[in-house]
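A.B. asks: 3D model of this:
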Amino acid sequence: MVSIKQFQVTFDCAEPERLALFWCEVLGYVVPPPPEGFTSWDEFNRSLPPEAQGSRFACVDPSGVGPRLFFQRVPEGKVVKNRVHLCVRVGTGLVGEERLAALEAECARLVPLGAVRQRLLYDGHDSCIVMQDIEGNEFCLD
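C.D. replies: Predicted structure coming up:
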């Protein structure tokens, strides 16, 4: 049996590069080097047919541990809640007020980047902040 070692998460979106750069800031990811033979992503992009320019972008975990995130332009806008979302694990191992403080601090960092806070889920012990990225995709600070 074959064992899967890696996977990527793909986002359908309107502005692939803009959304990828947002997630780079959220996760500490980086833009990978351009394809061989190109000195920049702009140069690569200009080599594509006009309809394909700006249609895709990616970011990667610089440590190589996390999944690659891939962003692809689609013509339709987001109209309903995501069926899959990312949970950004900023409160791992923390409980109660200490966990809530860590989540609130991360929320405060992300809002100026364009993230939108939707709601806090808190039961006195465990907590999560539901947010949206710059294109309205839901994610959690967990």
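A.B. asks: drop to CA atoms for contacts and neighbour counts, all remaining ones
C.D. replies: Noted.
A.B. asks: would you map the strands across the chain?
C.D. replies: Applying DSSP state E to the chain gives strands spanning 8-13, 56-59, 68-73, 86-88, 116-122, 127-132, 138-141.
A.B. asks: what about the closest residue to residue 136 other than its chain neighbours, how many neighbours?
C.D. replies: Spatial nearest neighbour of residue 136, excluding adjacent residues (Cα to Cα, 6 or more residues apart in numbering): residue 78 at 7.3 Å. The local packing of residue 78 (other Cα atoms under 10 Å) involves 14 other residues.
A.B. asks: can you point me to the longest helix in the protein?
C.D. replies: The residue-count maximum for a helix in the chain (DSSP state H) belongs to helix 96-110.
A.B. asks: does anything pack onto that one? Which helices or strands?
C.D. replies: Packing partners of helix 96-110 (3 or more Cα pairs under 8 Å, 6 or more residues apart in numbering; DSSP states H and E): strand 127-132, strand 138-141.
A.B. asks: and of those, who's closest to residue 66?
C.D. replies: strand 138-141 (16.2 Å; Cα to Cα).
A.B. asks: next up, the contacts around residue 137.
C.D. replies: Taking Cα atoms under 8 Å, 6 or more residues apart in numbering as the criterion, residue 137 is in contact with 78, 81, 82, 85.
A.B. asks: likewise residue 53?
C.D. replies: The neighbours of residue 53, taking Cα under 8 Å, 6+ apart as the test, are 45, 46.
A.B. asks: spatially central residue in this structure, please.
C.D. replies: Most central in the chain under Cα atoms, centre = their mean is residue 23, positioned 3.7 Å from the mean C-alpha point.
A.B. asks: select, out of the strands of the chain, the one closest to residue 48.
C.D. replies: Using Cα to Cα, the strands of the chain put strand 56-59 closest to residue 48, at 11.2 Å.
A.B. asks: surely residue 45 and residue 54 touch.
C.D. replies: Yes. Under the criterion of Cα atoms under 8 Å, residue 45 makes contact with residue 54 at 6.6 Å.
A.B. asks: residue ranges with poor pLDDT in the chain?
C.D. replies: Judged against pLDDT under 70, the chain has no low-scoring part.
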